[in-house]
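1. With the input below, show me the fold.
(chains A, B, C, D, E and F)
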Number of protein chains: 4
Amino acid sequence: MMSLCSFFLRKGDAGLQKNKSEKYNKILDSAGAVFAQFGFYKATISQIASRAGVADGTVYLYFKSKEDILYQFISFKTNSVFKKINAAVEKGRNAEEKLRQLIRSHMDEFQKDKNMAIIFQSEVRYFRDIQFQIKDISKMYLELLSDIIEQGQIEGAFRQDLFVGLVKRFIPGAVEGVIGTWVSADGGYDLVSMADPLVDLYLTGIREQ
Amino acid sequence: MMSLCSFFLRKGDAGLQKNKSEKYNKILDSAGAVFAQFGFYKATISQIASRAGVADGTVYLYFKSKEDILYQFISFKTNSVFKKINAAVEKGRNAEEKLRQLIRSHMDEFQKDKNMAIIFQSEVRYFRDIQFQIKDISKMYLELLSDIIEQGQIEGAFRQDLFVGLVKRFIPGAVEGVIGTWVSADGGYDLVSMADPLVDLYLTGIREQ
Amino acid sequence: MMSLCSFFLRKGDAGLQKNKSEKYNKILDSAGAVFAQFGFYKATISQIASRAGVADGTVYLYFKSKEDILYQFISFKTNSVFKKINAAVEKGRNAEEKLRQLIRSHMDEFQKDKNMAIIFQSEVRYFRDIQFQIKDISKMYLELLSDIIEQGQIEGAFRQDLFVGLVKRFIPGAVEGVIGTWVSADGGYDLVSMADPLVDLYLTGIREQ
Amino acid sequence: MMSLCSFFLRKGDAGLQKNKSEKYNKILDSAGAVFAQFGFYKATISQIASRAGVADGTVYLYFKSKEDILYQFISFKTNSVFKKINAAVEKGRNAEEKLRQLIRSHMDEFQKDKNMAIIFQSEVRYFRDIQFQIKDISKMYLELLSDIIEQGQIEGAFRQDLFVGLVKRFIPGAVEGVIGTWVSADGGYDLVSMADPLVDLYLTGIREQ
DNA sequence: CATGAATGAGAGTTCATTCAT
DNA sequence: TATGAATGAACTCTCATTCAT
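-> The predicted structure follows:
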């Protein structure tokens, strides 16, 4: 959460403390690349520092520990992505459009930041602590889905008898599955173009009607 | 697998083989528990050995390295689970029944072996090497799905216009998402009871018809 | 020295205890090959045992420890070689002939047993303990040389003003140097043919007369 | 050597460089003493580090492995000794003087650095890799000898019918034998005083003329 | 006598973290 | 602030040796 604070502060007083922010961001970026390439455990502080163009010790002026780097990376990315997803969803005029915006922007953000995609696929599940830290965000995502589903039901667009608790898990699960496949294929195709077909599957299912 | 084979063949007392792989299995079980609890990297050989009731060095009589333990654990579980899933699927009389059997048995096996569930959730994505090793199994799973979908289309039960490549990813993705949630909740509810509602979602989607 | 005892006993009561001797010798031979190929430290008991066709534990029925194998190997070879050298020297009618026999048989024995040659080149210098154990043999070799030199001086064949203490070191040093070169060249030429030219060098030196 | 180079070049204070390689040299010295006393295999990094007054991990800032320490020790010493021998030889006015200088300085250097003497006696023959690494130096030594012998033949000081290939081996072999004896006697006498008598033996041989 | 599975002490090595400069 | 040399705890893995069978 501290990373978020400093993040928000940096936005607030841009100009001041610009140098500190620069190094902080450099290190965070560098860590993203190194974690994505080697995984958290095989990555070393030296790799991160040298890719960021700073000394090893400097890393500890901005981060408490190696784990803290990962935590801050994930917090930062999670918040940043969530904001964009949120903004995208708001553009939707009805539940279905909102759902499409959600999936599209989710995939869009991950496609635009493959390091983040890789780290979310592999590291986030690895660390219970992280799961705890990002629980808030995760909860917000689920609440967003809840709202969309509820709205859809009110609109009469979605079925009334949905097992909402399950739907809320099943949608992001499927998205992550599709993203995971994309990552495994080294990002060799356009991920966002999967979004609408996927939403169509959510909506109409696979059964002949 | 060769190590396993030669191990099983070592003694000429086929038929009983009661203690043929006592130690091997003890260590593998122990490793499953320790990996599940601490994750691969934080787990130590000493923990695994002592939980298995053997000396550290003994581990290396049965496994060639720490990674090898994880590989063999995953290979073993993957094969074993896949066989059961396969058998369950064959009981289905038609595509829909087969799909239900697939999801049910998938969840059933993971529910019966929570350590495995945790390890599959976290470690498998972490190791590219492992992903490579279990690619065959993964491919078989996807082929199974392909067959079911194709059969369903022939039967006229599933839509003809499905984006099969996407459906094949979206189904296991959603299952894993549901399993992941169950794991996060410490297995506090019946996972298998999620299977049919989930299949219903696959089949009919969430849209009001 | 125990190895010597058992060696002499084996000769004494051949027929009886033949089995024990067989295994003992097999292990010793195997150890010679393995030590020569890998060096004492990189060689393992398992390698030695398996090459000898016995179980690891069996090695310890015949030898006290890994070091003991090396000690016994060296004692055995040293004694055996020294006997042959001694016998060869006795055939010489005068000091010069004796010296030639000494060098020739020394080289001959090492050429016939390359494993021994390698082990003497590398291991003997490595272990102070071994140097201590074979000091007696070494001393006998030097005494043999002393006797030959003295006899040569009495015969009037060798110079009276020799620094005998130095000559005694310089002769085996040169021989070992030549053997070492031969070993390095993988025994690719006839070592014994170096003997007479080498003795000629001892005798007449390199200075124009 | 590259590690050395980059190390020396690291700081821009050429000229003084007083503590540029303080640690490096301390560790190398310490390793020399420990290897000499215990042999490479029985020596431990902890012994070397603690004798050098550094932490175990520090050793790995300067050397990439235990073997690397030995390699660098031997490379360093070999080069350093060879330079001195070379310089000494150049002082000789004729072949015989050059030969005397060669043997004298060889013994002098080894006498001044007993650890090096011990390590060269025991370790160098133990490691094929090392023998390969120092082959160049060894070759230079032999070439030096070739030149001296050839010069002596041209001068008319050495016999024309010498088996030069043999002479080249026999001289360093004898020197090493003499050094080995000196080492075994714990350096209890003046080694250099053996040089001239040894050269006399080379020159005139042991036969009555 | 023979076996070989089991042991566990002990080694080399890594690397996150610190701190004097 | 920034550095990067130094630290040392902690890890994996090896293998000589033992002992129940």
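2. which ones are touching A:Leu144?
-> A:85-86, A:89, A:102 (Cβ atoms under 8 Å, 6 or more residues apart in numbering or on different chains). Bear in mind the C-beta positions are built from the backbone N, C-alpha and C, glycine included.
3. Just the buried subset of those residues, written out for PyMOL, thanks.
-> Only the buried members of the contacts of A:Leu144 enter the following PyMOL selection, criterion being 16 or more other Cβ atoms under 10 Å in any protein chain shown:
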select buried, chain A and resi 85+89+102
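4. Which member of the contacts of A:Leu144 is positioned nearest chain D?
-> Nearest to chain D among the contacts of A:Leu144 is A:Ile85, at 45.6 Å by Cβ to the nearest Cβ.
5. Show the backbone phi and psi for the closest residue in space to A:Ile206 that isn't next to it in sequence.
-> Setting aside the residues directly before and after it, A:Ile206 is nearest to B:Phe158 in space (Cβ to Cβ, 6 or more residues apart in numbering or on different chains), at 5.1 Å. The phi and psi values for B:Phe158, taken as degrees, to the nearest 10, are phi -110, psi 150.
6. how close does B:Phe158 get to A:Phe158?
-> Applying Cβ to Cβ, to the nearest Å, the value for B:Phe158 to A:Phe158 is 21 Å.
7. do A:Phe120 as well
-> Taken as Cβ to Cβ, the span from A:Phe120 to A:Phe158 is 28 Å.
8. Looking at these two, which one has more neighbours?
-> A:Phe158 (25 against 22; other Cβ atoms under 10 Å in any protein chain shown).
9. And the helices in chain A?
-> For chain A, applying DSSP state H gives helices covering A:2-12, A:18-38, A:45-52, A:56-62, A:66-91, A:95-112, A:114-122, A:128-133, A:135-155, A:164-184, A:195-204.
10. Would you mind checking the average pLDDT for the shortest one?
-> Spelled out, it's helix A:128-133. Averaged across helix A:128-133, pLDDT comes to 70.
11. got it, and the third one?
-> For helix A:45-52, the per-residue pLDDT values average out at 98.
12. contacting residues around it?
-> A:23, A:26-27, A:29-31, A:33-34, A:38, A:55-56, A:58-59, A:66, A:69.
13. Tell me the residue of chain A that sits nearest DNA strand F?
-> Nearest to DNA strand F in chain A, going by Cβ to the nearest atom of the strand, is A:Gly57, at a distance of 1.8 Å.
14. Pull the contacting residues for the spatially most central residue of chain A.
-> Closest to where the C-alpha atoms of chain A average out (Cα atoms, centre = their mean) is A:Thr78, at 4.5 Å. By Cβ under 8 Å, 6+ apart, the residues touching A:Thr78 are A:134, A:137.
15. any idea how far C:Phe110 is from it?
-> In terms of Cβ to Cβ, A:Thr78 sits 74 Å off from C:Phe110.
16. same deal with A:Glu67?
-> A:Glu67 is 62 Å from C:Phe110, by Cβ to Cβ.
17. low-confidence ranges in chain A?
-> A:1-20, A:131, A:133 (pLDDT under 70).
18. try it again with 90
-> Applying pLDDT under 90 to chain A picks out residues A:1-21, A:75, A:78-79, A:121-141, A:184, A:204-209.
19. and the residue of it nearest chain D?
-> For chain A, Cβ to the nearest Cβ, closest residue to chain D: A:Ser46, 12.0 Å.
20. what about that residue, neighbour count?
-> 12.
21. now do A:Ser138
-> Neighbours of A:Ser138 (other Cβ under 10 Å): 17.
22. and what of the one 5 residues further on?
-> Number of residues near A:Glu143 (other Cβ under 10 Å) recorded here: 11.
23. can I get the CA coordinates of stretch A:189-204 in CSV?
-> Provided in CSV are the C-alpha atoms of stretch A:189-204 (Å, rounded to 0.1, in the frame of the first residue of the first chain):
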residue,chain,number,x,y,z
TYR,A,189,-1.3,-12.9,-31.8
ASP,A,190,-3.7,-10.2,-31.0
LEU,A,191,-5.1,-10.9,-27.5
VAL,A,192,-7.8,-8.2,-27.6
SER,A,193,-9.5,-9.8,-30.6
MET,A,194,-10.3,-12.7,-28.2
ALA,A,195,-12.4,-10.5,-26.1
ASP,A,196,-15.6,-10.3,-28.0
PRO,A,197,-15.8,-14.0,-28.9
LEU,A,198,-15.2,-14.7,-25.3
VAL,A,199,-17.9,-12.5,-24.2
ASP,A,200,-20.2,-14.1,-26.7
LEU,A,201,-19.5,-17.4,-25.1
TYR,A,202,-20.3,-16.0,-21.7
LEU,A,203,-23.5,-14.7,-23.0
THR,A,204,-24.9,-17.5,-25.1
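24. buried set for it?
-> In stretch A:189-204, counting by 16+ other Cβ under 10 Å, buried: A:191-192, A:194-195, A:198-204.
25. how about the residues of chain A near DNA strand F?
-> Residues of chain A lying close to DNA strand F (Cβ under 7 Å from any atom of the strand) are A:19-20, A:23, A:54-58, A:60-61.
26. Widest-spaced pair of the residues you listed?
-> Distance extremes for these: the farthest pair is A:Asn19 and A:Asp56 at 19.0 Å, using Cβ to Cβ.
27. Name the residue in these two with the higher neighbour count.
-> The neighbour comparison of A:Asn19 against A:Asp56 (other Cβ under 10 Å) goes to A:Asp56, with 13 against 8.
28. Tell me who's in contact with that one.
-> Counted by Cβ under 8 Å, 6+ apart, A:Asp56 has contacts A:45-46, A:49.
29. Which single one of the residues you listed is nearest to chain B?
-> Out of these, the member with the shortest distance to chain B (by Cβ to the nearest Cβ) is A:Ile45, at 15.6 Å.
30. Could you pull up phi and psi at the residue of chain A found nearest chain C?
-> Nearest to chain C in chain A, going by Cβ to the nearest Cβ, is A:Lys42, at a distance of 29.2 Å. Main-chain torsions, A:Lys42, degrees, to the nearest 10: phi -80, psi -20.
31. ok, it to B:Ser122 distance?
-> When A:Lys42 is compared with B:Ser122 (using Cβ to Cβ), they lie 16 Å apart.
32. more crowded one of those two?
-> Using other Cβ under 10 Å as the criterion, A:Lys42 and B:Ser122 rank with B:Ser122 on top: 22 against 12.
33. who are the neighbours in contact with that one?
-> Here B:Ser122 is in contact with A:125-126, B:39 (Cβ under 8 Å, 6+ apart).
34. hmm, 10 Å instead?
-> A:122-128, B:35-36, B:39-40, B:180, B:183 (Cβ atoms under 10 Å, 6 or more residues apart in numbering or on different chains).
35. Just the buried ones from the residues you listed?
-> Neighbour-count burial (16+ other Cβ under 10 Å) applied to these gives A:122-127, B:35-36, B:39-40, B:180, B:183.
36. Throw the residues you listed into TSV and include distance to B:Phe163, thanks.
-> Putting those into TSV (distance: Cβ to Cβ, whole Å) gives the following:
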residue	distance to B:Phe163
A:Ser122	26
A:Glu123	30
A:Val124	28
A:Arg125	27
A:Tyr126	31
A:Phe127	34
B:Phe35	36
B:Ala36	35
B:Gly39	36
B:Phe40	35
B:Gly180	24
B:Val183	29
